[in-house]
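Colleague: Sequence first, then the predicted structure, then my questions.
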Amino acid sequence: MLHAINGIGAGHLARQTALARHLRARQPGLDPVILGSGPAVDEICGEVPAIDLPSMGRAGRYRREPSHPDVLAAMTAMTHAALAGLRPRVVVHDTLVWPTVERAAALVGARQAICLRPRQDLADYLAEPDCPLRRMDLVFVPDDPTGHPRFTRQLEAAGIPAIWTGPVFQTASADAAETREKVGVSSEERLVVVMSGGGGGHGGEVREHFAYSLAALARVAEPGLVVLLVLGPLFRSQVEIPAGFPHRLTVLRGSRQLPDVLHSADLVICRGGYGSLHEATAGGARVLACPAGRNFDDQRARVEQFASHSACELVESTAAEDLADQIGRALKAGPTRRAATPRPTDALDHLGERLLHLALQDGDVLQGLAEQFTYR
């Protein structure tokens, strides 16, 4: 069972879905099921079996309501019932370990692993008194260690062995020409995709991203330009289209076909989320990335790392005139790469073997660990 928390963005869910698809195709001894707790589970998971539970994080917003204890108890019971019904042999968390899921997994005797995306606050996370990393049977990092030396040293100093699998993300399944025909873009036209995120993103921050991107595109005089605005499944706000916008514009809501759309684009304007950047740079499009201005996230570090390998360009300025100039230069420069980035199948196959090894171990001895946990 692969647990994904997708109450803020859908990156966790998209990554777990990509991993589940790889395991289903390459590891016949495993039967992955997604345990989601937020919007977009059906939209992103597709053919991968999934259980959609209420988001515990969202329940936290209503702590002052009289009904909050009863609602929280009901949601906790649903989580325990889901794991008790399926009795998974292994539960894989993604970056965060939800205490209710960890406890439920221990109660059914499941081994536990974590897909630990490189995070800026690892030292603070390890210093937490109830940090779950040391309780995991397996830690794997969906990235390349050469790009994260500080993170690697922190894990080693903490005595936490980790497998580095290389990036885990969703890839295109359709031919670029087929996708362009499906969205109504001819071979003579230039397709610019503006995305809110690899599957998530909501609120004022994303509205601002759409606003400055469209304002800049309105100043670009490139003929035959088609703009595709992709709204993530968590985005429920309005988008302001500049008056007299000179290009043909289509709004697409949905994430399942996003990797195909990005693979067929000439230019992508995105943020710096893990899934967004990997999916956007996997094909041949030029990519302009503007990381979210959050001090707890690793978007800027990721964009700068990608830019150092010429996989994308950091947006120099979001002022309409400056960004329009950068967009124009990117369109004139043309594609960055003709071939898609190869997937690290060997490392993921090794991960599948390790997960299968965990699944075949006797998990009954773990049931006693459940009583050792304390939760708030």
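Modeller: All right, it came through fine.
Colleague: For the rest of this, base every contact and every neighbour count on C-alpha atoms.
Modeller: Noted.
Colleague: Any regions of this structure where pLDDT drops low?
Modeller: Scanning the chain for pLDDT under 70 picks out the ranges 6-9, 38-39, 56-61, 197-203, 254-255, 294-297, 337-344, 362-376.
Colleague: Would you map the helices across it?
Modeller: 11-26, 41-45, 56-59, 68-86, 99-107, 122-127, 149-157, 176-182, 204-217, 258-263, 274-281, 299-308, 320-333, 345-360 (DSSP state H).
Colleague: Give me the buried positions along the last one.
Modeller: Under the neighbour-count criterion of 16 or more other C-alpha atoms under 10 Å, helix 345-360 has 347-349, 351-353, 355-356, 358-359 buried.
Colleague: Out of those, which two sit at the greatest distance?
Modeller: Spatially, the most separated pair among the buried residues of helix 345-360 is A347 and A359, at 18.4 Å (C-alpha to C-alpha).
Colleague: Hmm, E240 and A211 touching each other?
Modeller: Yes. Using C-alpha atoms under 8 Å as the test, A211 is close enough to E240 to be in contact (6.7 Å).
Colleague: Those two: which has the busier surroundings?
Modeller: A direct count of neighbours by other C-alpha atoms under 10 Å for A211 and E240 places A211 higher, at 18 against 12.
Colleague: Who are the contact partners of that one?
Modeller: Contacts for A211 (C-alpha atoms under 8 Å, 6 or more residues apart in numbering) come out as 239-241.
Colleague: how much space between L267 and A215?
Modeller: Separation of L267 from A215 (C-alpha to C-alpha, to the nearest Å): 16 Å.
Colleague: Reformat the buried residues of helix 345-360 as a markdown table; add distance to R111.
Modeller: Output for the buried residues of helix 345-360, formatted as a markdown table (distance: C-alpha to C-alpha, whole Å):
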| residue | distance to R111 |
| --- | --- |
| A347 | 21 |
| L348 | 19 |
| D349 | 19 |
| L351 | 14 |
| G352 | 14 |
| E353 | 14 |
| L355 | 9 |
| L356 | 11 |
| L358 | 6 |
| A359 | 7 |
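Colleague: Tell me the one of those residues nearest L19?
Modeller: Within the buried residues of helix 345-360, the smallest distance to L19 is 8.3 Å, found for L348 (C-alpha to C-alpha).
Colleague: Let me have the contacts of A211 in CSV, adding distance to S55 as columns.
Modeller: Output for those, formatted as CSV (distance: C-alpha to C-alpha, whole Å):
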residue, distance to S55
V239, 26
E240, 30
I241, 32
